[in-house]
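J.: Mind looking at a prediction? Sequence and model below.
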Amino acid sequence: MLAYFEQELRSVSGDSCLALIYWNWTTNATGSHGYPKAFEDAFPDGTRNDNSGTAQPPVAPDEITALLKLPWPDFSAGIQSPHGYIHVDYVGGHMTSPPTAAEDFIFYGHHAELDRIFAQWQALHSGDKGPPNKKFTTSGFPRPTSTDDVRDISKLEYTYDTLGGVQAEALAEAPYPPAALSVTGGSVTTFPVDIKQLKSDARLVLDSVPVSREYSEQGLVYLHPENVPYQSEPDFIRAYFAGYFFIWKRTGADHPTHPATMGVVVDLSRRYNRLAAAGTPKGKWVVTVVTSRVTEAPAGRKSVSSAALTFSAAAIRSAGGSTALKARKGGGK
Ligand SMILES: [Cu+2]
């Protein structure tokens, strides 16, 4: 879709070199409201969230580096989280809602970034075909198009300047919740885990999590000793935050690309590797998931309310296999 849009822009502008630009989520803002300057200049009317007080880039560089290592199904599920969180929490305004998201020009930079990260993933996983082939039934394509038609960007007359720079983006920073995600309150679900079986590439996998039409859902995930109970306090968050997920609400109409449930994948390796670097973790450990519903307020920022985590099965997955998890009732607050 982006490639067709770019071709259309080239044709109406008469400029055969015109290119859509991408928004690198993992670099600091060059504008004054938390966005790349080019996108602030293009859309100055103030309907986006103002992130000028945010020191970090929207997404930590090593979050993407960790996702890029995963095989297709887990990479595909994991990348949904920064995608949805940037739509709703970070940008807001038109970008909050699927039917209006493309009315803000930053939508194209946001999706070009997704496309760039997918191209990076392809460069790292040449033996993995990625998504299965299927025909797109979404309106807006100028001709019948399938996954196989758009899989290889070298056939689509564009490329990215940064495909070789994947490793250089890694940072040694500890994982920390994105600044625009709420870190207070929520419904707490705790899973006992065998810390000895956690491999350095372990991720939390939740199957069939409902996708609502009314609200988005955020989940903050912590890996911590059982005898240090979860609490929404800066010291705890700094020591044990592992990752997050974000489920963007569905559109009002039924749509094949917006199913009623989705799989959730949260990389645990950044936190695990930091814990392991300080000495092999011992004793009883748990994964705690804190979920909240995100509802857009009529003006400005979202409001957040607690929501119980719903899923059909939970597991820890790594290259070595999968271990089922059972949720425990209760937990900290
Ligand atoms: Cu999107």
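T.: Noted; the coordinates are in hand. Numbers count the residues shown, from 1 in each chain.

J.: Does V193 touch L325 like I think?
T.: Yes - contact status for V193 versus L325: in contact at 6.7 Å, counting by Cβ atoms under 8 Å. Backbone N, C-alpha and C define where each C-beta goes, glycine included.

J.: Find residues that contact each of those two.
T.: Taking Cβ atoms under 8 Å, 6 or more residues apart in numbering as the contact rule, V193 and L325 both touch V287, I316.

J.: Poorly predicted segments of the stretch 101-250 of the chain, please.
T.: The model of the stretch 101-250 of the chain has pLDDT under 70 over residues 164-174, 182-183.

J.: what about the helices in it?
T.: Listed in chain order, the helices of the stretch 101-250 of the chain (DSSP state H, counting those that start in this stretch) span 106-124, 147-150, 234-240.

J.: most packed of those?
T.: Ranked by average neighbour count under the criterion mean count of other Cβ atoms under 10 Å, the helices of the stretch 101-250 of the chain are headed by helix 106-124 at a mean of 20.

J.: who touches Y22 in this structure?
T.: Contact analysis of Y22 by Cβ under 8 Å, 6+ apart lists G109, A112, E113, D115, R116, Y160.

J.: Can I get those residues in TSV including distance to E233?
T.: Compiled in TSV, those are given as follows (distance: Cβ to Cβ, whole Å):
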residue	distance to E233
G109	36
A112	38
E113	33
D115	39
R116	37
Y160	41
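
J.: just curious, which of the residues you listed is nearest to S305?
T.: E113 (29.8 Å; Cβ to Cβ).

J.: quick one, what contacts that closest one?
T.: Shown in contact with E113 (Cβ under 8 Å, 6+ apart): Y22, W23, N24, W25.

J.: Walk me through the domains of the protein.
T.: For the chain, automatic domain parsing gives the domain ranges 2-169, 187-325.

J.: All the strands of the stretch 201-333 of the chain, residue numbers only.
T.: 203-210, 216-225, 241-247, 261-267, 285-296, 302-306, 313-318, 321-325 (DSSP state E, counting those that start in this stretch).

J.: right, and those - which one's nearest Q197?
T.: strand 321-325 (5.9 Å).

J.: mean confidence for that closest one?
T.: If you average the pLDDT over strand 321-325, you get 94.

J.: How far off centre is that strand?
T.: 22 Å (Cα atoms, centre = their mean, to the nearest Å).

J.: Pairing partners for that strand, with directions?
T.: Partners of strand 321-325 in the sheet, by DSSP bridges, are strand 313-318 (antiparallel).

J.: tell me the angle the strand it pairs with makes with strand 203-210.
T.: 150 degrees (axes from the mean of the first three to the mean of the last three Cα atoms, to 10 degrees).

J.: Right, I'll leave it there.
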